[in-house]
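**Q** when you get a sec, could you give me coordinates for this:
(chains A, B, C and D)
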There are 2 protein chains.
Amino acid sequence: MDIKKNKIIEVAEQLFAQFGFFKTTMEDIAKKAHMAKSSVYYYFKSKEDIFAEVIRQDTFLFQQKLEIAVAAADTPEAKIRAYVTTRMTHLQDLSKFYLTLTDEYLDHYFFVEEVRKNFYEYENRVLKNLLLDGQEQKYFDVDDITVISRMISIAIKGLEYPLFVDKNGYDPVQESNDMLDVIFKGIEKR
Amino acid sequence: MDIKKNKIIEVAEQLFAQFGFFKTTMEDIAKKAHMAKSSVYYYFKSKEDIFAEVIRQDTFLFQQKLEIAVAAADTPEAKIRAYVTTRMTHLQDLSKFYLTLTDEYLDHYFFVEEVRKNFYEYENRVLKNLLLDGQEQKYFDVDDITVISRMISIAIKGLEYPLFVDKNGYDPVQESNDMLDVIFKGIEKR
DNA sequence: CTTTCGACCGAAATACGGTATTGGTCGAAA
DNA sequence: TTTCGACCAATACCGTATTTCGGTCGAAAG
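**A** Residues are numbered from 1 along each chain as shown, chains lettered A, B, ... in the order given. Model prediction:
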């Protein structure tokens, strides 16, 4: 039954967010879902499986959010700005909620490594397409789109760090837009 | 006697590079410097003291190297490129030598935190000055130098990561110059 | 007076062994 | 098809005994 499976995912998400992957036991999940541990194993073959599914859903929602934001903007520049600021604010929210996950991040990076890699590839694809659009619409002037999109990724990634460390008084939208100002306009006199 | 003090620093540097801060004992340092542990304490008041001195010397040499590279370039743009590429190649060398240090980096970050912060401030100062020069010589066109220099720092920092992880087949000079192309010229059509 | 050293200290890391948890399995029953 | 209690092997955890390590001290050598 799908409703039970969703119940498990639902409670697991809460537990993972609150306690992290390791401190959450299968017993906890089972109890919160009102069933025996073995029953959980009827629906999922392992704890990692549940985690993977939770992440899969979260990622899907995240990407949906990004696509809506991008679609709502009209010029290529606005689309890229929308992408980046949406991305940053979402990550900021995540960092508040998933705080144990970021602490543990070294332990189970086998997992998260892959998710990160996938997201990085996704981001690269999106940026490339947006650059290509901008190129075709004569908004941008770049020769190697692959290189440029990687550079933008890297620059954005640099803005991530304070989200998980400094925490207070950091405005990701402001910082992102400053960064994008540089990337769009450059600093050379025209 | 200064010659003994230098001997200690010399052997300590080797040991720290090879084994890291924690795995290196005062006993090790003393033995390698051919004296008793207490004698080391005659010259330095603590292990951290020795470490600080090692770092101080390395940093000094690093900054000297940077200044020479910058002075050798003529235009503001060339100076910034010289700064960045020198910085990246030096860090690449460091990452090979100090490999244990980067692994341990989470443990003794009390220490390294400060060094990093100092270097970050130094870098910011240098970049600001170079930007200001470029501004005055009408090479650059930026309104808020503080913001711009921070953005450049962040972008460069993003390039650092692969040095300590991917390791193989990463060309920091190439990547740096690609990044600087974006920063100087921007991607908008002119 | 400078320098070296062996002996020593307290705190913290480590080793260890026994116990409790935990992820996962299985077969029975509903 | 779904649920569950009983069970297993591996590992986490916990208290303790032991070692290691950073740092001190006083004596002695030069």
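
**Q** now the element after the lowest-mean-pLDDT helix or strand in chain A, going C-ward?
**A** Across the helices and strands of chain A, mean confidence by mean pLDDT, DSSP states H and E is lowest for helix A:99-104: a mean of 58. Once the chain leaves helix A:99-104, the next helix or strand it forms, by DSSP states H and E, is helix A:109-136.

**Q** and stretch A:41-50, C-alpha only, in PDB?
**A** The C-alpha trace of stretch A:41-50 is given here as PDB (Å, rounded to 0.1, in the frame of the first residue of the first chain):
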ATOM      1  CA  TYR A  41      11.400  -3.500   6.000                       C
ATOM      2  CA  TYR A  42       8.400  -4.800   4.100                       C
ATOM      3  CA  TYR A  43       8.300  -1.400   2.300                       C
ATOM      4  CA  PHE A  44      11.900  -0.500   2.200                       C
ATOM      5  CA  LYS A  45      14.900  -2.800   1.900                       C
ATOM      6  CA  SER A  46      17.200  -0.700   4.100                       C
ATOM      7  CA  LYS A  47      17.600   2.500   6.100                       C
ATOM      8  CA  GLU A  48      19.700   4.000   3.300                       C
ATOM      9  CA  ASP A  49      16.900   3.300   1.000                       C
ATOM     10  CA  ILE A  50      14.500   5.400   3.000                       C
END
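
**Q** mean confidence for it?
**A** Taken as a whole, stretch A:41-50 has an average pLDDT of 92.

**Q** contacts for it?
**A** Stretch A:41-50 is contacted by residues A:4-5, A:8-9, A:12, A:21, A:26, A:29, A:40, A:53, A:111 when judged by C-beta atoms under 8 Å, 6 or more residues apart in numbering or on different chains. Heads up, the C-betas are built off the backbone N, CA and C, glycines and all.

**Q** can you select the buried ones among these for me in ChimeraX?
**A** Restricted to buried positions by 16 or more other C-beta atoms under 10 Å in any protein chain shown, the ChimeraX selection for the contacts of stretch A:41-50 reads:
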select /A:5,8,9,12,21,26,29,40,53
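
**Q** what is the nearest of the contacts of stretch A:41-50 to chain B?
**A** Nearest to chain B among the contacts of stretch A:41-50 is A:Phe111, at 16.9 Å by C-beta to the nearest C-beta.

**Q** tell me the domain boundaries of chain A?
**A** Split into domains by automatic domain parsing, chain A comes to A:1-45, A:48-185.

**Q** can the last one be found next to DNA strand C?
**A** Yes. Using C-beta under 7 Å from any atom of the strand, domain A:48-185 reaches DNA strand C at A:Glu48.

**Q** how about the shortest one?
**A** Yes. Domain A:1-45 reaches DNA strand C (C-beta under 7 Å from any atom of the strand) through A:24-27, A:37-38, A:41, A:45.

**Q** out of those residues, list just those in helices.
**A** Among those, the ones falling in helices (DSSP state H) are A:26-27, A:37-38, A:41.

**Q** which stretches of chain A form helices?
**A** According to DSSP H, chain A carries its helices in the segments A:2-23, A:26-32, A:37-43, A:47-72, A:76-97, A:99-104, A:109-136, A:145-164, A:172-185.

**Q** could I get those helices as CSV with distance to B:Leu131?
**A** CSV is the format used below for those (distance: least, C-beta to C-beta, whole Å):
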stretch, distance to B:Leu131
helix A:2-23, 43
helix A:26-32, 54
helix A:37-43, 58
helix A:47-72, 32
helix A:76-97, 23
helix A:99-104, 34
helix A:109-136, 26
helix A:145-164, 17
helix A:172-185, 11
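
**Q** B:Gln57 is nearest to which of the ones you listed?
**A** The closest of the helices of chain A to B:Gln57 is helix A:145-164. By C-beta to C-beta, the value is 28.3 Å.

**Q** ok, A:Phe119 touching A:Thr59?
**A** Yes. Counting by C-beta atoms under 8 Å, A:Thr59 is a contact partner of A:Phe119 at 6.8 Å.

**Q** average pLDDT across stretch A:120-130?
**A** Per-residue pLDDT values over stretch A:120-130 give a mean of 95.

**Q** for it, C-alpha coordinates in CSV please.
**A** Presented in CSV, the C-alpha positions along stretch A:120-130 are these (Å, rounded to 0.1, in the frame of the first residue of the first chain):
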residue,chain,number,x,y,z
TYR,A,120,26.0,19.9,-9.5
GLU,A,121,25.3,18.3,-12.9
TYR,A,122,21.8,19.5,-12.9
GLU,A,123,22.9,23.0,-12.1
ASN,A,124,25.5,22.9,-14.8
ARG,A,125,22.9,21.8,-17.3
VAL,A,126,20.5,24.6,-16.3
LEU,A,127,23.2,27.2,-16.4
LYS,A,128,24.4,26.1,-19.8
ASN,A,129,20.9,26.2,-21.2
LEU,A,130,20.3,29.7,-19.8
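
**Q** how distant is it from the center of its chain?
**A** Centroid separation for stretch A:120-130 versus its chain: 13 Å, with C-alpha atoms, centre = their mean, to the nearest Å.

**Q** so where's chain A shaky on pLDDT?
**A** Counting by pLDDT under 70, the ranges of chain A that qualify are A:1, A:99-111, A:166-167, A:189-190.

**Q** follow-up on the earlier one: ok, so of the contacts of stretch A:41-50, who is nearest DNA strand D?
**A** DNA strand D lies nearest to A:Lys4 out of those, by C-beta to the nearest atom of the strand, at 5.3 Å.

**Q** which residues does the closest one contact?
**A** A:33, A:35, A:43.

**Q** let's see it at 10 Å
**A** Counting by C-beta atoms under 10 Å, 6 or more residues apart in numbering or on different chains, A:Lys4 touches A:33-35, A:39-40, A:42-43.

**Q** for whichever residue of chain A sits closest to chain B, grab the count of nearby residues.
**A** Across chain A, no residue is closer to chain B than A:Gly186, which sits at 2.7 Å (C-beta to the nearest C-beta). Look at A:Gly186: counted by other C-beta atoms under 10 Å in any protein chain shown, it has 21 neighbours.

**Q** lovely, talk soon.
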